[in-house]
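Colleague: Sequence isn't available, so here's the structure alone:
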């Protein structure tokens, strides 16, 4: 018959390092909840007051079998920084994945959101891709420039960043913080969200200096059997899972010129 988890919660917040938890005696299964980190929002250009928003992280919940005395590794993804760690002009970093692993083998992963870019001098808002379930969501491209948005990660491959001029970092570049945005004096592009396979970053146009203004894609999730997975919506910063009793807003994407929210992991035993 199915194992029933206990009602004792332990909460893991973002620290930037691996955390560990030893399963107590007489515990055979645990209920887990994971929110991936949210991507940063973009910055403004040409005097605009708003820009493309960052993608939210995915939310996963389910019951997993454990063995008393075993050590689980818990990784909580960070929210993407604004301005990005490796850029200097109005774009941000993608969020980091949240994960529970046995040793080096991941058991469950919640994908993270990509980051928004600078807003171009038009009415376009290029929103980033949220972290998804089987696949992360693609970012949005600039309407009037030649940049290419990052694609979402899948179950087999990371999202394409296309190569070329001043591309941002892919989502798996720098766990636990996702990919970095790019720098361009004409407008930066957002980084990709981390995940089971990370999302690609937005990139500037292949001819060099005509502007990027494209957002990053979201990372995919690793979903064990019988787990529920919920993804966010492109253009909406709020993370999924607001119905859950442990929802705090963790994993939400960043709004205009704001970093994304850190992820969260909760274990009930």
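Modeller: Good, I have the coordinates. Since this is a predicted model, take the numbers as computed values, not measurements.
Colleague: Could you say which helix or strand holds the residue nearest in space to the middle of the chain?
Modeller: The chain has residue 112 as the residue nearest its centroid, 1.6 Å off, counting by Cα atoms, centre = their mean. Under DSSP states H and E, no helix or strand contains residue 112.
Colleague: quick one: pLDDT of it?
Modeller: On pLDDT, residue 112 comes in at 94.
Colleague: roughly how far apart are it and residue 76?
Modeller: 11 Å (Cβ to Cβ, to the nearest Å). Bear in mind the C-beta positions are built from the backbone N, C-alpha and C, glycine included.
Colleague: list residues touching both of those two?
Modeller: Residues touching both residue 112 and residue 76 (Cβ atoms under 8 Å, 6 or more residues apart in numbering) are 37, 96, 98, 263.
Colleague: Return the closest of these with respect to residue 139.
Modeller: residue 37 (16.0 Å; Cβ to Cβ).
Colleague: Count residues in the vicinity of the closest one, would you?
Modeller: 42 (other Cβ atoms under 10 Å).
Colleague: I'd guessed it sits against residue 263; true?
Modeller: Yes. Applying Cβ atoms under 8 Å, one finds residue 37 in contact with residue 263, separated by 4.2 Å.
Colleague: Between the two, which contacts overlap?
Modeller: 14, 57, 76, 77, 78, 79, 95, 96, 97, 98, 112, 251.
Colleague: check contacts around the last one.
Modeller: If I follow you right, that is residue 251. 35-38, 56-59, 77, 79, 95, 98, 110, 112-113, 131, 239-241, 260-264 are the contacts of residue 251 under Cβ under 8 Å, 6+ apart.
Colleague: Mind jotting down where the strands sit in the stretch 101-250 of the chain?
Modeller: 105-110, 228-230 (DSSP state E, counting those that start in this stretch).
Colleague: Would you mind putting those into a markdown table with distance to residue 83 and mean neighbour count alongside?
Modeller: Shown next, in a markdown table, are the strands of the stretch 101-250 of the chain (distance: least, Cβ to Cβ, whole Å; neighbours: other Cβ atoms under 10 Å):
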| stretch | distance to residue 83 | mean neighbour count |
| --- | --- | --- |
| strand 105-110 | 25 | 22 |
| strand 228-230 | 29 | 18 |
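Colleague: I appreciate the help and will end here.
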